[in-house]
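1. Predicted structure and sequence below. I'll ask about it afterward.
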Amino acid sequence: MDILGATLRVCVDDLETAVPFYERLSGGRALRFERGGVQVAAIGCFLLMSGPEAELEVLRKVAATIAVKDVEETRQVLSELGARIIAGPLPTPVGRNLIAMHPDGAIYEYADRQAEGQT
């Protein structure tokens, strides 16, 4: 399992106000999309999220998004190490992801940039 990096998840009240700050901080431009009623802006190592409180409450439980080479391989390794797969692997706008709870109770999203069925 290859870990390629991590993204910090930040829930914000107003995405339009937060984006310029994080763009200047990271020196990059926001990639925006919507997922499940939540507005998302990916900027450098930050993933800003804004939306209904019920949705954000769930998203706040995920500590970080970890980029991996292959989500399916990651699922296998995590399961072997005693992690519980909560959701996925599922297709996303840019690849696939899964949500896992580590044996210590920490919850992480693991994501790759592969299309469904591609290895």
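-> Structure received.
2. pLDDT below threshold where in this structure?
-> Scanning the chain for pLDDT under 70 picks out 115-119.
3. quick one: Leu47 and Thr65 touch, right?
-> Yes - here Leu47 reaches Thr65: they are 6.0 Å apart, a contact under CB atoms under 8 Å. C-beta coordinates here come from the backbone N, C-alpha and C atoms, glycine included.
4. Now for the two: what residues contact both?
-> Taking CB atoms under 8 Å, 6 or more residues apart in numbering as the criterion, Leu47 and Thr65 both touch 7, 9.
5. Within the helices and strands, which one has Leu25?
-> Secondary structure assigned from DSSP states H and E places Leu25 in helix 15-26.
6. Grab the most central residue of the protein for me.
-> By CA atoms, centre = their mean, the chain has its centre lying nearest to Thr65, at 3.8 Å.
7. who does that residue bridge with?
-> Beta bridges link Thr65 to Thr7, Glu109 when assigned by DSSP bridges.
8. What of Val38?
-> Here Val38, judged by DSSP bridges, has bridge partners Arg35.
9. Run a quick neighbour tally on it.
-> By other CB atoms under 10 Å, 17 other residues sit near Val38.
10. could you list every residue that touches it?
-> Val38 makes contact with 49-52, 55-56, 59, according to CB under 8 Å, 6+ apart.
11. can you pull the contacts of the residue nearest to the centre of the chain?
-> Contacts here follow CB under 8 Å, 6+ apart; on that basis Thr65 touches 6-7, 9, 47, 97, 108-111.
12. which of these are buried?
-> Neighbour-count burial (16 or more other CB atoms under 10 Å) is assigned, among the contacts of Thr65, to 7, 9, 47, 97, 108-111.
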